[in-house]
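Asker: here is a sequence together with a model predicted from it:
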Amino acid sequence: MKFILPIIALTAAVMAPISAAAQNKNDNVSGQNLPQKFWEANLPGGSYMVSLARISSVSMSTYHVKGAVVHEVDIETMGAALTRFYVIEALGENNSSNAASNLISRAKQLGSEAGGKVGVDPDTTVHKDYPLTTHSKTIEFRVIDTDDLGEIYKSVSKAWKENKGRKITIK
């Protein structure tokens, strides 16, 4: 009996490092200690970064709202937030009618002048009219044109498909 307790203590002391080494080896195999791959976007309205492993869907769509057409790229993740990148076009903005085009151009010019006075770019600043036009847990970025939006979609979908980190900058 005198020797049982020391033998148990000695066995525990010898087995602890072996058990810890096996646990660390398993952690490395599961990828917990490996670097994650990210997709990152730098835009006039801010920056966004997401782990490629956390993306659950990427979509691009166009829809109509009162007085405008919205082109949008959405990134859904295994987290709580949805990320939206979008372009808003006034109805008739791409219309061949000179009168409609002139009115829209003038309205944009006035908006830009007003925004410049307060340090806000109306073309890239997200406008939220609580609680009507925004959603809880939504990260939003507004870009100037649909070409930029297409580049965002191509970049994030390619990164996700190939599981290779990428970075895009929109000016």
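Answerer: Structure's in. What do you need?

Asker: residues contacting T169?
Answerer: 41-43 (Cβ atoms under 8 Å, 6 or more residues apart in numbering). C-betas here are computed from N, CA, C, even on glycine.

Asker: now do 10 Å
Answerer: With Cβ atoms under 10 Å, 6 or more residues apart in numbering as the criterion, the residues that contact T169 are 40-43, 47, 151.

Asker: now for the residues you listed, which pair is the farthest apart?
Answerer: With distance counted by Cβ to Cβ, no two of the contacts of T169 lie farther apart than S47 and E151, which are 15.9 Å apart.

Asker: between the two, who's got more neighbours?
Answerer: Under the criterion of other Cβ atoms under 10 Å, the comparison of S47 against E151 puts E151 first, with 17 against 11.

Asker: these two touch, right, that one and K171?
Answerer: No. E151 sits out of contact with K171 when judged by Cβ atoms under 10 Å, with a separation of 11.4 Å.

Asker: which residues do those two both contact?
Answerer: Contact with both E151 and K171 is made by residues V143, according to Cβ under 10 Å, 6+ apart.
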